[in-house]
Each structure stands twice: as structure tokens, then as C-alpha cells.
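Chemist: what's the 3D shape of this:
(one chain, ligands or ions: 1)
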Amino acid sequence: MKKRLVRAEVPAELTWNLADIFATKAEWEGELAAIARDLPGMGRFKGKLSTGASALAECLEAAEQLQKRLHRVIAYASLALSGDGTDPANQAAMGRAQSLGAEAQAAMSFIRSEALELPPGTLEGYLAESEALKSFARTVLRMVDEKPHVLGPETERTLAALGEVLQSPYLVYTRSKAADMAFADIKDSEGNTHPMSFAMYEEAYEKSSDFVLRRNAYASFTEGLKKYQNTYGTTWGTEVKKHVVTAKLRGYPSATHMLLHQQEVDPASYHMLHDVILKEIAPHMRRYAKLRKELLGLKEMLYCDIEAPLDPDFSPATTYASAAEVIQKGLAVLGDEYAAIVGDSLNNRWIDLADNVGKSTGAFCYGVPDAHPYILVTWADNMRGALVLAHEIGHAGHGVLAMRYQRLSNVRGSVFFTEAPSIINELLVGNYIAAQSSDPRLHRWLAMQLLMTYHHNFVRHLIEGELQRRTYVLAEKGQPITASVLSRVQGEILEEFWGGEVTIDEGARLTWMRQPHFYMGLYPYSYSAGLTIGTAVAKAIKEEGRPVIDKWLEVLKTGGAKPPVELARMAGVEMGDPAAIRTAVDYVGELVDTVVKSFAKTT
Ligand SMILES: [Zn+2]
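Modeler: The predicted model follows:
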């Protein structure tokens, strides 16, 4: 076996170039110290926001400048840590950046509270009279929106002081999962012993073609989870209770209303996504499960089999250079400005490709002001990697255009929209790869890759969303949320969804223990919104071309300067109309058709 490199041994061209943020670590140190020195300066605006619009405008301007500098300092430390989490220097730098972040938050928290304490109508009046404030309209209007839910200054201060305590369910969950949870070793079909962990289960064993290994891993995983079910049931129950109580205190009709208000999403759209997708996508996914059961020769399909590979020996090889070319060509339809961003990302060390000890797993994209987005993947010379890169470049392209055309305060948008640009790129590049080849096996492989994306982001995450939806209803009625309640409701949802095609056993009922998402508000369902928008736009690009692309580029440039439903509308997608959702669901149905037909021919 090839020895895994340590970070220092990795050739520089396989790593991202953090010097694009700070030329040297010393420069980073200098900026860290300078920000700490400049923070108290924000105090000059304290107590002044009631004096007029220009004071507020100046204050927001100064805060944004500091935020930008802070983002850069934190990004530098955070990216270094993702490159090698075992390096004590990286850990120490991250710790320092984080405490500076906390200090900055404390130093700037008065802005929000002071602005929200202004007499009713003041902020609206400021906006009407001040040109300088206009570019902060979005920030100010969001404050206006929040105002009816703000409590007295004394209470807000108390809640803020308890902030860390209120975050404890998430902390307990993640730390316990990372450090305490242990799983028994497992054996494969040849009798070899393998170590077992959360990440190994989800990233490797669950997708293994070795039946014995997959089933043993599932058994070990379930046993390991079971030992913590009451702990995690309590942490989740506490998290839900926190939202229910906070929503009541702040005068929202329910926790769900409060959490959606933060995302600027109306409850009707939220409910429609769950109702339409889960009901209409289920028959397609059951068909896919049935095919899997037949092809794999399974007597019984367990929850651990739903991602077992159907053609494990086929993994089209590629190199980074040819994958980069495919991505460029696949995304060329998005025009010159976009193509330049794609080229920069692929060729100018925006991407960390290396595989080294201590590097983060998975893939992500991290935007850095006055630099560029950074993308982390572990490149393995296969075509799957090209699709993953195309996806992350979707986030990067969005980030670059938003930062180029919007001020920093307007860059970040609602999670409701986040996955739209990434799925579009995945589909564009997937379609391009398909168009270059007449090999039916490759076409089938592509359909299965895209189904993996939809299964993960459209189905799994929305089932999580459904669990949240039902759990919050129970909690609002005063039902304590415990492990047994969560397992029961999880089981009901999975039974309804799989309709007998998959056996819902104890391991399946415990899947609620697997996700940190449940501690991030109503996050899981938001993937389905992004995928709905992205799939509809990708289809329209294919059918109508230029006019749709022009609208889409405008949307990317708008960043977070508009609420997500308006962004979708700009792109031609009405989220209040189930037709858009059905476009995405039908697309998944077509992918399943492709796979089913292809296997029917070969078997
Ligand atoms: Zn993504």
C-alpha cells in the first residue's frame, strides 16, 4: 500500500495557495494584531445610532470593513487547518482567530441591539432620507423585519450572555460523536478485519460492493449508535425545546415560523417542498431499490443496501488535466466572464487536490473576500472527481460574481438558494460528458452518479427535513422529544417512503443520530429547494439557451441582495408553484428509467 504523505511532503501544485490571502504567516499575525487594536474603535458609534441616518451608515461601513478583514484572518487559519488538522501550529492559529472572532462579535453586537431599540419607523425614515444608507438597505430592512420579535434590552442581554450555553446541544453532539463514540472492528467476505468509524461507514462501507463487509459494518454501526441513543435523544430534544421556547418568547406563531423567518422563506413553500417531493419521488426511488434488490440478488433489502453500487467495476478514469478540460468545456455555455473564473479556479491553485494525513474529508468551497474562493477535494483520478469539482466550482462561481457585484453585506444569501448554482454545474458537466461518448455503460454510470447526488441531497436530506417537521409539531403540542419518539417517527417516515421495498429495522430507525444538521435550524430541507431551482434552470438552459443563461448570470451576481424566493423568480422559477418541484422530480424519474432500461438490456 502506498504510504500516505504528510502535508509537508505534498507537492505545492497539488495544494491551494494561501499566499493569495496573506503572503506569509507573519503578515497574517500582523493583521490579527491590527484587528484586535482596531476593534475598540467601533466604540465611537456606541449610543450614536439615534442621532441620524449618517451615523448608522458610517457605523455599518466601518463594521463591514472590519468584518471583511476578520473573514480573511479566519479563512487563512481555517483553510490551513483543513489542509492539516494534526498540525499543532494550525490548531493554535485557528484558536486565536476564533477568539478574535468572538471578541469582534462582542465589540459589534451593540449595532444590532441599538438599531432595534430605535423608536418604530426610525430605520425606515433613515433609509428614505440617506443616500449613503441605500446600499445597506437589505441589512436595514432585515433589522426592521426582526424588530417586532425583539425583547427588552435586559432580556436580550441575558440571552446573549447565555449564548454559549444555548449552543450546548450541538457541542455535546459533535464532541461526543467525534471523541466518545466507538465501533467494533468488522470483517469482510474474505475474513480480513477492518477498523470502523462514523466516517468510514458513511464514506466507504455503506457504498461497498462486498455484501458481507457492508452488512457487518451496518451491524457494528447500529450497535455503536444504540449505546448513545438516549444521550443524543436528549441533546436533540433540548435543541427543539430551545427553539419552541424562544419562538414563544419572541412572539412567533411557532418555532417553524421563527426558523423560516431567518431564511426568508414562507411556510407554504416549505410545506409544499416536503409534501410534493416525498410523495412523488417515492415511486421512482422504490423502482430503483427494486432494481438494486434484483441485481444484487438480495433476499431482503436493508437500509444499508440502498447505496450499494450496481456496477462496481466501472469507474471511468481520468487525469486532473483532462477533467479540467471537460469542466471548462461543459461550463463554457455560461459565457466568458464565468469561463474566466472557472479557468482561474482550475489553474491558479484555488483547489486543494492532495491526499495527506490530517486533511479534511469530503469537499467544500470557502469564499474569501479580496482573494478568491478555495475548494477542498481529494483528487483520485476518476470521473466522479470531475463531477464533484464541477459542483464545488458552482459555489465558487457564485461567490466570485456575488463579491464582484455586491458589497460584502449583500453577498451571503439564504441557505434556501445555496445548492442551486452547484447542481446546475454538475448537470451541465454531466451532460457534456454524456454528449462526448456513445458508450451505454458510461451513460448509465453518469445517470447513477447523478442519482447519487439526488438521493443524498433530495431524498435523504428531505427525509431528515420531514423528521424535523413532524418533531416540531409534536414539541409544540408539549410532547417531550426523546430517543424513543425520534426512532418511532423516523421509522414511520421511512416505512411510508420506501413502501415495503426496504426493510426498516433498528439501524434504519436510528438514522436520526447521524446528522449534525438537526442542530442547524431547518437546514436539511433547504437542499431540496436549491436542487429544485438548479434542476429547473439547467433544464431551461438546455431548452432555451442564451436568454435563460443571461438571467441566471444576473442571479449569481445578485448574491444575497434579494430574498431567495425572489432570486428563484429572477431565474424563472416560481417556488410557490409545484410545477418547478415536479420538473426536478420528473428528472429523477428519467434518470431511474435510464438505469433500469440499461440493465434490462445487459441482463
Ligand atoms: Zn454543495
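
Chemist: From now on I want contacts and neighbour counts done on CA atoms only, so please keep to that.
Modeler: OK.

Chemist: can you pull the buried residues of the helix or strand hosting Gly530?
Modeler: Secondary structure from DSSP states H and E places Gly530 in helix 526-544. Within helix 526-544, the residues that count as buried by 16 or more other CA atoms under 10 Å are 526-541.

Chemist: which strands and helices sit next to whatever helix or strand comes next after it?
Modeler: Next in sequence after helix 526-544, counting helices and strands by DSSP H and E, comes helix 546-558. Applying 3 or more CA pairs under 8 Å, 6 or more residues apart in numbering; DSSP states H and E, one finds that helix 546-558 makes contact with helix 383-405, helix 526-544, helix 564-570.

Chemist: ok and the longest one relative to helix 546-558, angle-wise?
Modeler: Right, helix 383-405. Using axes from the mean of the first three to the mean of the last three CA atoms, to 10 degrees, the inter-axis angle of helix 383-405 relative to helix 546-558 is 70 degrees.

Chemist: and the gap between the closest residue to Tyr587 other than its chain neighbours and Tyr454?
Modeler: Once flanking residues are discounted, Tyr587 sits nearest to Thr535: 7.9 Å by CA to CA, 6 or more residues apart in numbering. To Tyr454, Thr535 is 10 Å away according to CA to CA, to the nearest Å.

Chemist: Could you chop this structure up by domain?
Modeler: Split into domains by automatic domain parsing, the chain comes to 8-161, 162-182+196-315+415-420+440-603.

Chemist: which of the ones you listed is buried the deepest?
Modeler: Compared across these, domain 162-182+196-315+415-420+440-603 shows the largest average neighbour count, a mean of 18 (mean count of other CA atoms under 10 Å).

Chemist: average model confidence for that domain?
Modeler: Across domain 162-182+196-315+415-420+440-603, pLDDT averages out at 94.

Chemist: cool, and stretch 12-25?
Modeler: Mean predicted confidence for stretch 12-25 is 97.

Chemist: Can you give me the end-to-end span of that stretch?
Modeler: 16 Å.

Chemist: Equivalent analysis for stretch 562-578, please.
Modeler: Terminal residues of stretch 562-578 lie 22 Å apart, using CA to CA.

Chemist: just stretch 258-272 next, same as before
Modeler: Its first and final residues considered, stretch 258-272 spans 18 Å by CA to CA.

Chemist: List the residues that contact the residue nearest to Tyr587.
Modeler: Going by CA atoms under 8 Å, 6 or more residues apart in numbering, Thr535 touches 420, 423-424, 427, 583-584, 587.

Chemist: Take those and keep only those in helices.
Modeler: Using DSSP state H, the members of the contacts of Thr535 that fall within helices are 420, 423-424, 427, 583-584, 587.

Chemist: how about the strands of the stretch 251-400 of the chain, start to end?
Modeler: With DSSP state E, counting those that start in this stretch, the ranges of strands along the stretch 251-400 of the chain come out as 351-352, 364-366, 374-376.

Chemist: right, so of these, which gets closest to Met403?
Modeler: Met403 lies closest, by CA to CA, to one member of the strands of the stretch 251-400 of the chain: strand 364-366, at 12.7 Å.

Chemist: neighbouring strands for that closest one, and are they parallel or not?
Modeler: strand 374-376 (antiparallel) (DSSP bridges).

Chemist: For the strand it pairs with, what does the pLDDT average out to?
Modeler: 97.

Chemist: Show me how far it is from its chain's centre.
Modeler: A distance of 14 Å separates the centroid of the chain from that of strand 374-376, by CA atoms, centre = their mean, to the nearest Å.

Chemist: Identify, from the buried residues of helix 526-544, the entry nearest to Val10.
Modeler: Using CA to CA, these come closest to Val10 at Tyr527, 34.2 Å.

Chemist: Just to check, that closest one is in contact with Asn457?
Modeler: Yes. Counting by CA atoms under 8 Å, Asn457 is a contact partner of Tyr527 at 5.8 Å.

Chemist: list the contacts for Tyr201?
Modeler: 217-218, 221.

Chemist: List of residues touching the helix or strand harbouring Leu442?
Modeler: Using DSSP H and E, Leu442 sits within helix 440-454. Residues from elsewhere that reach helix 440-454 (CA under 8 Å, 6+ apart): 307, 311, 314, 316, 384, 427, 430, 434, 437, 588, 591-592, 594-595, 598.

Chemist: Looking at those residues, spot the one nearest Ser484.
Modeler: Using CA to CA, these come closest to Ser484 at Glu307, 26.4 Å.

Chemist: where's the spatially closest residue to Ala483 that is not a sequence neighbour relative to Val172, distance?
Modeler: Once flanking residues are discounted, Ala483 sits nearest to Gly233: 4.1 Å by CA to CA, 6+ apart. Per CA to CA, Gly233 is found 12 Å from Val172.

Chemist: picking that back up, now, the most widely separated pair of the contacts of helix 440-454?
Modeler: It's Glu307 and Ser437 that sit farthest apart of the contacts of helix 440-454, by CA to CA, at 25.5 Å.

Chemist: C-terminal to the helix holding Leu442, what's the next element?
Modeler: Later in the chain than helix 440-454, the nearest helix or strand by DSSP H and E is helix 461-476.

Chemist: I'd like to know which elements the helix or strand just after that next one is packed against.
Modeler: Next along the chain after helix 461-476, taking DSSP H and E as the criterion, comes helix 483-498. If you count contacts as 3+ CA pairs under 8 Å, 6+ apart, helix 483-498 packs onto helix 229-249, helix 267-296, helix 461-476, helix 506-509.
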